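Peer 1: coords please:
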Amino acid sequence: MTDIRELNKYRRIGIAAILAGGFVTIAGALFAHFTGLSELNDVGAEIYPAIPRGWQWVVIGQVISLAGGLVLIAGVAVAFLYQREMTWARASLGATLFTTLMMILYGLVPNEWLTLTQSVWEWTPQRIAITLPKWLMLNNEVSISYAAVKDAVSGIYHLVITGLIVFAMYQWQVRAGKRVTTPKPEPVSPYGRPLTKVGR
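Peer 2: This is a model prediction of the structure:
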């Protein structure tokens, strides 16, 4: 059983991570929003001239916001789940956190990658990224488009993320299996000998 002082320490650390992660998430989202705005308004006047513009700044803001969101999720897990006895409420919270994390890793991040490569960089099948040497391709002309590179990066990302999740879950189970539990005391007689049930 984890000491109450240690649980309180984890709760304080988790709440601090929640607050810091929430602040960083909002700050990154606002930075990505304002750096993605047009430099001119509807009537042609310049708006927010001190704010930098460009997809690079938008991506930086998105990465900052993503990092803050992950810290926030970790903070909730540390504050309310880590080293605590599992109940239905805590199991539901853990499932919600895991589902949210999977939606971010498998939905949000790949979507932003595809949006960046298709809308901003214009990595279309018509644009050639690499033309392989003819001598390597039996004198045939073989080209790899930017769209193929985009899909390859996306596929490698999904393989790596899936492998990391499987590894992390396996380590979690191994660690849970090694957790020391206090055995129930065996009943003893007034003479100090263990009591046993004798079947008939």
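Peer 1: can you map out the strands along the chain?
Peer 2: For the chain, strands defined by DSSP state E occupy the ranges 128-131, 143-145.
Peer 1: what sits up against the last one?
Peer 2: Strand 143-145 is contacted by residues 123-132 when judged by CB atoms under 8 Å, 6 or more residues apart in numbering. No exception for glycine: its C-beta is placed from N, CA and C like everyone else's.
Peer 1: Can you mark which positions in that strand are buried?
Peer 2: Ser145 (16 or more other CB atoms under 10 Å).
Peer 1: and that strand, what's its mean pLDDT?
Peer 2: For strand 143-145, mean pLDDT rounds to 92.
Peer 1: Quick check: neighbours of it in the sheet, parallel or antiparallel?
Peer 2: Strand pairing for strand 143-145, using DSSP bridges, gives strand 128-131 (antiparallel).
Peer 1: Other residues contacting the partner strand?
Peer 2: 141-146, 148-149.
Peer 1: again, only this time at 6 Å
Peer 2: Residues outside strand 128-131 that contact it (CB atoms under 6 Å, 6 or more residues apart in numbering) are 143-146, 149.
Peer 1: and of these, the nearest to Ala89?
Peer 2: For these, the residue nearest Ala89 by CB to CB is Val149; the value is 46.0 Å.
Peer 1: can you pull the contacts of Ala79?
Peer 2: Ala79 neighbours (CB under 6 Å, 6+ apart): 11, 14-15.
Peer 1: Ile73 now?
Peer 2: Neighbouring residues of Ile73 by CB under 6 Å, 6+ apart: 97, 101.
Peer 1: And the chain, split by domain according to the record?
Peer 2: Domain ranges of the chain: 1-86, 116-178, per automatic domain parsing.
Peer 1: So which of those is nearest Pro194?
Peer 2: Using CB to CB, the domains of the chain put domain 1-86 closest to Pro194, at 24.0 Å.
Peer 1: and that closest one, what's its mean pLDDT?
Peer 2: Across domain 1-86, pLDDT averages out at 91.
Peer 1: how much space between Ile130 and Pro190?
Peer 2: Look at Ile130 and Pro190: by CB to CB, to the nearest Å, they are 85 Å apart.
Peer 1: would you turn the strands of the chain into a markdown table with distance to Val166?
Peer 2: As requested, the strands of the chain are arranged in a markdown table below (distance: least, CB to CB, whole Å):
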| stretch | distance to Val166 |
| --- | --- |
| strand 128-131 | 31 |
| strand 143-145 | 30 |
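Peer 1: rewinding a little: among Ile130 and Pro190, which residue is more densely surrounded?
Peer 2: Using other CB atoms under 10 Å as the criterion, Ile130 and Pro190 rank with Ile130 on top: 11 against 5.
Peer 1: so what's the more buried one bridging to?
Peer 2: Here Ile130, judged by DSSP bridges, has bridge partners Ile144.
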